[in-house]
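Participant: need a 3D model of the sequence below.
(2 chains)
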Amino acid sequence: MKAKDLLLAELKSEIKEVTPREALTLQSRGAALVDVREADEIAQGSPSGALHLGRGFLELKIEEAVPDYARSIVLMCNGGMRSLFAAENLKRMGYSHLHSMIGGFSRWKAEGLPFEVPTRMDTNLRERYARHLVMPEVGEAGQIKLLNSRVLLIGAGGLGSPAALYLAAAGVGTLGLVDYDAVDRSNLQRQILHTDARVGTSKVASARQTLEALNPSLKVKSFETRLESGNVEEIFKDFEVVVDGSDNFQTRYLVNDACVKLGIPNVHGSVYRFEGQATVFWPRYPKRRGPCYRCLYPEPTPAELAPSCVDAGVLGVLPGVIGLLQAVETIKILLGIGDLLVGRLICYDALRARFTELELAPNPNCAYCGERAQFPGYIDYEKFCADAAT
Amino acid sequence: MPTVTVRIPTPLRSYTDGADELRAQGTTVTEVLRALGAAHDGLLPRVLGPEGEPRQFVNIYLGSSNVRVLGGMGTRVKDGDIISIIPAVAGGAHESERPAPRRT
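Facilitator: All right, here's what the predicted structure looks like:
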């Protein structure tokens, strides 16, 4: 018997072996499934949710990935031998609940268990996102998250333009755009997605042209329609984050209600002359309970108190500032980094060059997001806002 | 009596001759706003309801906290405090081109 086989026999007596199905069950109960194969093997596919820690760096990286020495760990390779060696080393490091998966990924795949082929970053993508890849907060894993993420922008206008441009540049894989309007020459003072030559054409088509020129691998999903109770869920269901750059209260309330119901973060921005506001409405934010739009404003502003921007105007640069705050928050949500503007409102006064932060408290009795709230259903938003005007 | 700065949001500046900040005296949030209302016709009804509470589309902050989570409109103020009136603002994409849309 070769020394290798003797060692393996010894390890098998020390390390508990589990079948791929048992491994899947352990994983669903909180165990870490650690794929110790080489990067080129993992590129062919790896179990869903597995941690990718090649044997070469396993001991160096495992404590960061699995800080709890008592957490159950299932190690896996391609056939079930390398994982035994790996388990032996983790045991020596103090991990107490170790398993090795019999048959490795070959058997996992043969048994039809769920796996994913990880997104690979080719040279082109590595070059494009080089300044992200060197940042530990983004890195390759973060960039791949962005490439696989889906963000919906309500409005391809003043706020949507800068947000969409930077999200596309950052590598967000899919951008949805909802807008039924056509480009007007008076839009061009701030809506930088559009061009003079495209005045009179559809905004979503114009936006798509600009965004695809900036980043050809971007997928743009166009919704050239008014957002309404009847289509809101169908449009929202495939997206992880909604960026609200709409221009009227009907849409603001509808976006809020749908986001609360579906649990989607609503990245909110609004502008008026020289002033802008940004926040994130996300009652289900894991770090703390924040409000929804209705907690703050149970009723819309009556028309006589909200003069339209036809009279008021807006400084063209201002939605750039606010739309980019929305883009930054969106990227943070997608990457799961930093502290979000949940429960915090940033107010920007351009004339005084002053940012003010206000605390936004949730309303525990809110009919939409309150503790005991049952979703009341979509309402007639037109009537709701018209009634406020009287 | 404490002197407090009140920040006026853009939509309400037509009632304050364009001023974005005003100073007023009072010992509570209500008193300060009433003092302001006495000097600026039409301002108060846009901010407070008939019972003197902030209207549903307006939030009033003392410092960085909503008066609703403090002691309400009776919250005491001190010299140098800042009160901000923050109304809901819809503006965004392309509001300047038309008023709120009417669906047919």
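Participant: ok, residues contacting the helix or strand of chain B with the lowest mean pLDDT?
Facilitator: Of all helical and strand segments in chain B, the minimum by mean pLDDT, DSSP states H and E falls on helix B:43-47, at a mean of 92. For helix B:43-47, the surrounding residues in contact (CB atoms under 8 Å, 6 or more residues apart in numbering or on different chains) are A:305, B:12, B:15-16, B:33-34, B:36-37, B:54-55, B:58, B:60, B:85, B:87. To be clear about C-beta, it is placed using only N, CA and C from the backbone, and glycine gets the same treatment.
Participant: using CSV, write out every CA atom in that helix.
Facilitator: Extracted C-alpha coordinates of helix B:43-47, given in CSV (Å, rounded to 0.1, in the frame of the first residue of the first chain):
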residue,chain,number,x,y,z
LEU,B,43,-47.0,80.7,5.9
LEU,B,44,-48.5,78.9,8.9
PRO,B,45,-51.5,77.3,7.2
ARG,B,46,-49.1,75.6,4.8
VAL,B,47,-47.2,74.0,7.7
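Participant: which helix or strand lies directly C-terminal to that helix?
Facilitator: Sequence-wise, the next helix or strand downstream of helix B:43-47 (DSSP states H and E) is strand B:58-62.
Participant: give the buried subset of the contacts of helix B:43-47 as a PyMOL selection command.
Facilitator: In PyMOL syntax, the buried subset of those is picked out as below (16 or more other CB atoms under 10 Å in any protein chain shown):
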select buried, (chain A and resi 305) or (chain B and resi 12+15+16+33+34+36+37+54+55+58+60+85+87)
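Participant: just the closest of the contacts of helix B:43-47 to residue A:129, please.
Facilitator: residue B:87 (40.8 Å; CB to CB).
Participant: list the contacts of the residue nearest to the closest one when sequence neighbours are not counted.
Facilitator: Setting aside the residues directly before and after it, residue B:87 is nearest to residue B:58 in space (CB to CB, 6 or more residues apart in numbering or on different chains), at 5.0 Å. Contact analysis of residue B:58 by CB under 8 Å, 6+ apart lists B:46-47, B:85-88.
Participant: of all the residues you listed, which comes closest to chain A?
Facilitator: The shortest approach to chain A among the contacts of residue B:58 belongs to residue B:88, at 4.1 Å (CB to the nearest CB).
Participant: how many residues are close by the closest residue to the closest one other than its chain neighbours?
Facilitator: Excluding its sequence neighbours, the residue lying closest to residue B:88 (CB to CB, 6+ apart) is residue A:297, at 4.1 Å. Residues lying near residue A:297 (other CB atoms under 10 Å in any protein chain shown) number 23.
Participant: so residue A:297 sits right up against residue B:56, yeah?
Facilitator: Yes - using CB atoms under 8 Å, residue A:297 is in contact with residue B:56, at 6.8 Å.
Participant: give the contact list for the residue nearest to residue B:88.
Facilitator: Contact analysis of residue A:297 by CB under 8 Å, 6+ apart lists B:56-57, B:59, B:88.
Participant: most surrounded residue in those?
Facilitator: In the contacts of residue A:297, the most neighbours by other CB under 10 Å go to residue B:88, 23 neighbours.
Participant: where do the helices sit along the stretch 251-390 of chain A?
Facilitator: A:293-296, A:309-312, A:318-335, A:381-388 (DSSP state H, counting those that start in this stretch).
Participant: minimum distance to chain B: which of these has it?
Facilitator: Set against chain B and scored by CB to the nearest CB, the helices of the stretch 251-390 of chain A come closest in helix A:309-312, at 3.9 Å.
Participant: follow-up on the earlier one: so how far is residue A:55 from the residue nearest to residue B:88?
Facilitator: Separation of residue A:297 from residue A:55 (CB to CB, to the nearest Å): 56 Å.
Participant: just residue A:190 next, same as before
Facilitator: Going from residue A:190 to residue A:55 by CB to CB gives 54 Å.
Participant: who's more crowded, these two?
Facilitator: Counted by other CB under 10 Å, residue A:190 and residue A:55 do not tie: residue A:190 has more neighbours, with 24 against 16.
Participant: leaving out sequence neighbours, find the closest residue to that one.
Facilitator: Using CB to CB, 6+ apart, the nearest residue to residue A:190 is residue A:316, at 3.9 Å.
Participant: what residue spans form the domains of chain A?
Facilitator: Per the record, chain A has its domains at A:3-116, A:149-388, by automatic domain parsing.
Participant: which other helices and strands contact whatever helix or strand residue A:59 lives in?
Facilitator: Element membership for residue A:59 (DSSP H and E) is helix A:58-65. Helices and strands touching helix A:58-65, by 3 or more CB pairs under 8 Å, 6 or more residues apart in numbering or on different chains; DSSP states H and E, are strand A:32-35, helix A:82-93.
Participant: and the last one, how far out from the chain's middle?
Facilitator: Okay, so that is helix A:82-93. 35 Å (CA atoms, centre = their mean, to the nearest Å).
Participant: so that helix versus helix A:58-65, what angle?
Facilitator: Between helix A:82-93 and helix A:58-65, the angle comes out at 70 degrees (axes from the mean of the first three to the mean of the last three CA atoms, to 10 degrees).
Participant: pull out the buried residues from helix A:82-93.
Facilitator: Residues A:82-90 are the ones in helix A:82-93 that count as buried (16+ other CB under 10 Å).
Participant: show me the contacts for the most centrally placed residue in chain B.
Facilitator: Central residue of chain B (CA atoms, centre = their mean): residue B:85, 2.9 Å from the mean position. By CB under 8 Å, 6+ apart, residue B:85 lies in contact with B:6-9, B:12, B:47, B:58-60.
Participant: and for residue A:86?
Facilitator: By CB under 8 Å, 6+ apart, the contact set of residue A:86 is A:34, A:36, A:55, A:58, A:75, A:77, A:100.
Participant: what's the ChimeraX line that selects buried ones from these?
Facilitator: Buried residues within the contacts of residue A:86, by 16+ other CB under 10 Å, are selected in ChimeraX with:
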select /A:34,36,55,58,75,77,100
